[in-house]
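*Asks:* Pasting the sequence and the predicted coordinates here, then a few questions.
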Amino acid sequence: MSLFGSAEREAFTEPMTCTVAELADRLKQVLSDAFGDELWVEGEIRNLGRARSGHVYFDLVEPGPDSGAGKQPEASVSVALFRFNRERVEDTLRRHGGMAMEDGMKVRIQGKLDFWPPGGRLQIYMSGIDPNFTLGELEAERQRLLKKLRDEGLLTKNQAVPFPVTPLRIGLVTSKGSAAHHDFCDELAASSLAWEVVLADTPVQGADAPPCIAAAIAAVGRVGVDVIAVVRGGGSRTDLVAFDNEAVARAVADAPVPVVTGVGHEIDRTIVDEVAHEAQKTPTAAAVFIVGAARTHLETAEQAWEAIAGWARRLAADADRRLLAVSQTTARIAEGHLHRAGSRLEGRAGRVRDLAKTRTRGETRKVDDCAGTMRHRAAAAIAGGRHTLERKKSGLAVQALRIPRTAAKELANLEDRARLLDPRAILARGWSITRHDGKVVRNPASVTTGDELVTTLAEGNLHSTVSEGK
């Protein structure tokens, strides 16, 4: 008998077991019953990739409240666009403004929701797209951003920055090596002006483009350029979406120098065009505008210099005429002054000559008197000098005779002393000098038996050998 009732037995019944393939079939059936053959789904493209086979794969996401780059979406589903459908979808986008699918693009796609058993993945097999939805979303976002910027006063902020007098140092924000880059620089080169271009290389398309463009604008604004040029060649409406970005618009509005844009074709108008100081239709047109501004200021300066030169020439001519008149008047006045001064000088010269003659005669008499006195004094001085000289000469003669006699006596005494000290005189008295190895022997103990001795006498040397020492 069972201890459990029927309800309790049902609670402990084992769940149904099926294979993975059976589970996949059931999921596919459930999806087909719930959603039918096809449905429309709205979302934002992320992680777009194109395979070699021609298929396109991406994630269709519902961005969360904080939908910045790298943020987790609120929901996501995988999408596969096979080659046979891709060509039709891309043709539809091209016919509606030349658009192309890319990351960040908001779309409304048509497809079948199905389960892919080999990969264990739920995905949409895309078959169509609504281009009007994307265009409408882009325009709605554009209008929303324009209103926000207008309310904050940013649409006219950069326009209030004074345009430089001669904008020859340009910060260029574009993709290096692109057609826009070459068109812009070629136009500058053709002008023959002395440009300096600071290039900020940045992507201009794709999900990563907006923050890069904004950073590039800020970077060139910090290096002291005169003007910033933001240029990009033409493309589809979605190709230019990076220039409808809020971060890029704020970077333009906050730039410390005027920003000139040249984005897209003649008919394109982006948010950065609305915010910039000057918006031109193409990269070439942007360069033409900057060249024209620089050339206008240079021509104005040249005209100013020519006007200054003309004014200076007129002033110089007037000054020459006034100088000629003044010089003629001055010459006449000077001539009269010179004539009168000459007459006064002639009269004064006569008086000076008479005074000089009188003074000269008086001074001549004084000189003659002084000369006589000097001759008398000189004669007396010469006579006294001769007497003194004779007296000194007699004294010197007596002293000259006495000095040699005294010197002769001293010399004789020195010779006698030298003879007494001469070793030869000492040897002549019977003394001798004995040496051993060139040294004088003073003590018998300094030599030994067998040592050879040399004895110096008055008339020669004796050689001997020590036979006994003491």
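*Replies:* In hand now; what should we look at? Residues are numbered from 1 along each chain as shown.
*Asks:* All the strands of the stretch 51-200 of the chain, residue numbers only.
*Replies:* Taking DSSP state E, counting those that start in this stretch, the strands of the stretch 51-200 of the chain run over residues 56-62, 75-81, 106-116, 121-129, 169-174, 196-201.
*Asks:* Just name the most buried of these.
*Replies:* Among the strands of the stretch 51-200 of the chain, judged by mean count of other CB atoms under 10 Å, the one packed with the most neighbours on average is strand 169-174 (a mean of 26). The way it works is simple: take the backbone N, C-alpha and C, and place the C-beta from them, glycine included.
*Asks:* now the regular element (helix or strand) spanning Gly336, how far from the centre of its chain.
*Replies:* In this structure, Gly336 is located in helix 283-421 according to DSSP states H and E. From the chain centre to the centre of helix 283-421 is a distance of 57 Å (CA atoms, centre = their mean, to the nearest Å).
*Asks:* Now do that helix and strand 169-174, the angle between them.
*Replies:* Helix 283-421 and strand 169-174 are oriented at 120 degrees to each other (axes from the mean of the first three to the mean of the last three CA atoms, to 10 degrees).
*Asks:* helices or strands up against helix 283-421?
*Replies:* Based on contacts counted as 3 or more CB pairs under 8 Å, 6 or more residues apart in numbering; DSSP states H and E, the elements that helix 283-421 packs against are helix 179-190, strand 227-232, strand 259-263, strand 278-280.
*Asks:* Next secondary structure element downstream of that helix?
*Replies:* Elements were assigned by DSSP H and E; along the chain past helix 283-421, the next helix or strand is helix 423-428.
*Asks:* before we move on, the earlier item: now the strands of the stretch 51-200 of the chain in CSV, please, with extra columns for distance to Leu355.
*Replies:* CSV is the format used below for the strands of the stretch 51-200 of the chain (distance: least, CB to CB, whole Å):
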stretch, distance to Leu355
strand 56-62, 125
strand 75-81, 128
strand 106-116, 121
strand 121-129, 128
strand 169-174, 83
strand 196-201, 83
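*Asks:* Select, out of those strands, the one closest to Leu389.
*Replies:* Counting by CB to CB, Leu389 lies closest to strand 196-201 out of those; the figure is 99.1 Å.
*Asks:* Next secondary structure after the closest one?
*Replies:* Once strand 196-201 ends, the next helix or strand along the chain (criterion: DSSP H and E) is helix 209-221.
*Asks:* Ala209 and Ala216 touch, don't they?
*Replies:* No - proximity of Ala209 to Ala216 does not meet the contact threshold set by CB atoms under 8 Å, at 10.1 Å.
*Asks:* Tell me where the stretch 51-200 of the chain is predicted with low confidence.
*Replies:* Within the stretch 51-200 of the chain, the set of residues satisfying pLDDT under 70 comprises 66-70, 97-98.
*Asks:* Let's see that with 90 instead.
*Replies:* With pLDDT under 90 as the threshold, the stretch 51-200 of the chain has low-confidence stretches at 62-74, 87, 89-110, 112-122, 127-156, 164-166, 191-194.
*Asks:* Kind regards, and thank you for your time.
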